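Enquirer: Provide a 3D model corresponding to the input given below.
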Amino acid sequence: MKKIIIAIGATLLACLGLAFWANRLEKPAVAGNGQNLIIYNWGDYLDPQLVKKFEKQTGYHVVYETFDSNEAMYTKIKQGGTAYDLTIPSDYMVTKMLKAHLLDRLDKKEIPNMKYIGKSFLHKSFDQNNDYSVPYFWGTLGIVYNDKFVKKGSIKNWNDLWSKKYRNQILLVDSARDEMGMTLVSLGYSMNTTSSLRLRLAQTKLDSLGPNIKAIISDEMKMYMIQNEAAIGVTWSGEAYEMMESNPHLHYVVPTQGSNLWFDNFVVPETAKNKKAALKFINFMLEPKNAAQNAEYVGYATPNIEAQLLLPKRVREDKQFYPDEKTLRNLQVFKDLGPKKTQEYNDLFLEFKMYAR
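Expert: Modelled structure (predicted):
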């Protein structure tokens, strides 16, 4: 969720942005009051210039804290303590937070700019009427490859990864749902299956990918792919975008069989002290000009249709990151499967990792 900067001037701007957030993070979040808006977000997932603009327009003071996983965010919200006014969970976590009664119903009259969100990004299974969440960014799970080692256009679906010619050339992102999910899709099953038999079949097929695996890693994948140290990686669209910004030999593919469509979303915790300011901020971020500026800063796809029109042509017409409707219909959103089934996914993936190494 960080945009790679390749020019010295851009690097300086990024440093200034980090200094901006660092200055704010030196001060712990304080109890909510009428003038404070306390935001809990992923790191470097919001243009700091837009925060300044919001503060100038409204008079609110934004207090900003960050988290590095949905689970860490969920735990802190559930424990209470700091009354966050706004946070950004992913799709399946919205469901989990709803089940735990941690979210406040949104007053949509205060968010008229929701009209700019594309219809294909609304009414998803995790919040069918968008009564509790508003799409912020979205993306896909796919395959990034290097045309120095892989013929351009030769990788089109998940099953291509099992080719013997890719022995010891593939990097996998360390994520049970994603890697089990891609294997389930390759077998023609749902990424949200709860069938233990199908999960075991998927693990068996994933085990057979072992000889092709170079490493199972997280953030390090960007470095390996950028430096031409691996031929193929299974990762998320935003991460692939960052890699491609720094290496022209890299390409990103959303497999034709289908894949994961993920969403990060604005939500207001039930314990928020300044819900009015939270709704104002959501509406502010949905202004097309602001949404476009934020998308360029972060490097992820915006669900704001009017904002998309303001993006550079090379970005908005790139089907790797803004797939057409036909492709979108073939993608699946992760569901919250409950703790028992989630643990089953994790255990099977852990067995695979032990085998692959």
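
Enquirer: who touches stretch 188-198?
Expert: 177, 181, 184-185, 187, 199, 202, 257, 260, 332, 334-335, 337, 341, 344 (C-beta atoms under 8 Å, 6 or more residues apart in numbering). Backbone N, C-alpha and C define where each C-beta goes, glycine included.

Enquirer: Any of those buried? List them.
Expert: With neighbours counted by 16 or more other C-beta atoms under 10 Å, the contacts of stretch 188-198 contain buried members at 177, 181, 184-185, 199, 202, 260, 332, 334-335, 337, 341, 344.

Enquirer: Can you classify L197 by secondary structure?
Expert: helix (DSSP: H, G, I helix; E, B strand; the rest coil).

Enquirer: what helix or strand is the closest residue to E229 other than its chain neighbours on?
Expert: In space, and not counting its chain neighbours, E229 is closest to M223: 7.8 Å by C-beta to C-beta, 6 or more residues apart in numbering. Assigned by DSSP states H and E, M223 belongs to helix 220-226.

Enquirer: same deal with R314?
Expert: Per DSSP H and E, the secondary structure element for R314 is helix 313-316.

Enquirer: List the buried residues of that helix.
Expert: 315-316.

Enquirer: and the following helix or strand past that helix, how far from the chain's centre?
Expert: Per DSSP H and E, helix 313-316 leads on to helix 325-328 as the next helix or strand towards the C-terminus. Helix 325-328 has its C-alpha centroid displaced from the chain centroid by 18 Å (C-alpha atoms, centre = their mean, to the nearest Å).

Enquirer: can you check stretch 245-253 too?
Expert: 19 Å.

Enquirer: Same check on stretch 290-306?
Expert: The answer for stretch 290-306 is 13 Å, by C-alpha atoms, centre = their mean.

Enquirer: got it, and stretch 180-192?
Expert: Worked out by C-alpha atoms, centre = their mean, stretch 180-192 lies 19 Å from the chain centre.

Enquirer: for the longest strand along the chain, what is the average pLDDT?
Expert: Ranked by residue count and defined by DSSP state E, the top strand of the chain is strand 134-146. Mean pLDDT, computed over strand 134-146, is 97.

Enquirer: Whatever helix or strand comes next after that strand packs against which elements?
Expert: As assigned by DSSP H and E, the chain's next helix or strand after strand 134-146 is strand 170-173. If contacts are counted by 3 or more C-beta pairs under 8 Å, 6 or more residues apart in numbering; DSSP states H and E, strand 170-173 sits against strand 213-217, helix 220-226, strand 232-236.
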